Structures are given as structure tokens and as C-alpha cells.
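Asker: 3D, please:
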Amino acid sequence: VQLVESGGGSVQAGESLTLSCTASGYARSNDYMAWFRQAPGQEREGVAAIDVGPGRTYYHNSVQGRFTISQDKARNILYLRMDNLKPEDTAVYYCAATTLFGPILSASIYNYWGQGTQVTVS
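Answerer: Coordinates of the predicted model:
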């Protein structure tokens, strides 16, 4: 399984970015995929997740209403649309997938990770 993120960059506060994660060697309909982020000196936190089969979405309170997770199941691509970005959203963003079940925004249940993409908001 390989997860490759793209779309990070540097933006001004209030602007938008869309991250993409292309998954290869991974085609299951009953698992979770998610976006996590990690700022320097902080724990990795789940920001958005999707139950791949039914398409149910889940968000961290800090991004609810600003971030949108979506998927293109036919192309195995996961997206994170980020609107109204704030300086506190600055972090390395990681795509993750799992074959396990548990708290959907908990990093502990994810067994596949991308390399990360930097998002900087000033």
C-alpha cells in the first residue's frame, strides 16, 4: 500500500487549499481513510476522516465547517478541501488508511501513512 499526498503550500490567512492523496495497492470498501496533521512539538491529530464504504465523514472540532474530506473511489483518491485557513492550521498534513476499526480520528488505528505535505498559513 502506498499513499502519496500532494497540494500543500504556503497561503495567506483566509485562503484555501486542496490536498490530494493517491492510494495504490489499496482497494477496500469497508475501511477508513483520514487526514492528520502535526505541527512542530505537537502530537499528530486527526482533522478529518471518512468511512470509505458508506462515505460518512467526521471532523475535528477545530476544522468543522472549514474543511471538507471527500473521495473519488473509482480513482482511489482522497481529498481535503481547506477553506478559511488560519495560521494555527500550519502543519505537516498526512494521509492515512486503515484496515482496523476504532476511534476514526485516532492515529493509533491507522496502519498506512503517506509521507506528508507541508501547509503553511501566514
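Asker: Surely residue 21 touches residue 5?
Answerer: Yes - between residue 21 and residue 5 there is a contact at 5.0 Å, judged by C-beta atoms under 8 Å. The way it works is simple: take the backbone N, C-alpha and C, and place the C-beta from them, glycine included.
Asker: Mind listing the shared neighbours of those two?
Answerer: Here residue 21 and residue 5 have 95, 114 as joint contacts, going by C-beta atoms under 8 Å, 6 or more residues apart in numbering.
Asker: out of these two, which sits in the busier spot?
Answerer: Neighbour count, other C-beta atoms under 10 Å: between residue 21 and residue 5, residue 21 has more, with 25 against 22.
Asker: excluding its backbone neighbours, what's nearest the more buried one?
Answerer: Nearest residue to residue 21, sequence neighbours excluded (C-beta to C-beta, 6 or more residues apart in numbering): residue 95, at 3.3 Å.
Asker: and the one you found, what is it in contact with?
Answerer: If you count contacts by C-beta under 8 Å, 6+ apart, residue 95 has them with 3, 4, 5, 19, 21, 23, 33, 34, 35, 78, 113, 114.
Asker: Would you mind giving those as TSV with pLDDT, distance to residue 55 and secondary structure added?
Answerer: Shown next, in TSV, are those (pLDDT from 0 to 100; distance: C-beta to C-beta, whole Å; DSSP: H, G, I helix; E, B strand; the rest coil):
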residue	pLDDT	distance to residue 55	secondary structure
3	94	19	strand
4	95	22	strand
5	96	21	strand
19	98	18	strand
21	96	16	strand
23	90	16	strand
33	94	11	strand
34	97	14	strand
35	98	15	strand
78	95	12	strand
113	95	22	strand
114	96	21	coil
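Asker: Generate CSV for those, with distance to residue 62 as supplementary columns.
Answerer: CSV is the format used below for those (distance: C-beta to C-beta, whole Å):
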residue, distance to residue 62
3, 23
4, 26
5, 20
19, 16
21, 20
23, 25
33, 20
34, 15
35, 13
78, 20
113, 21
114, 21
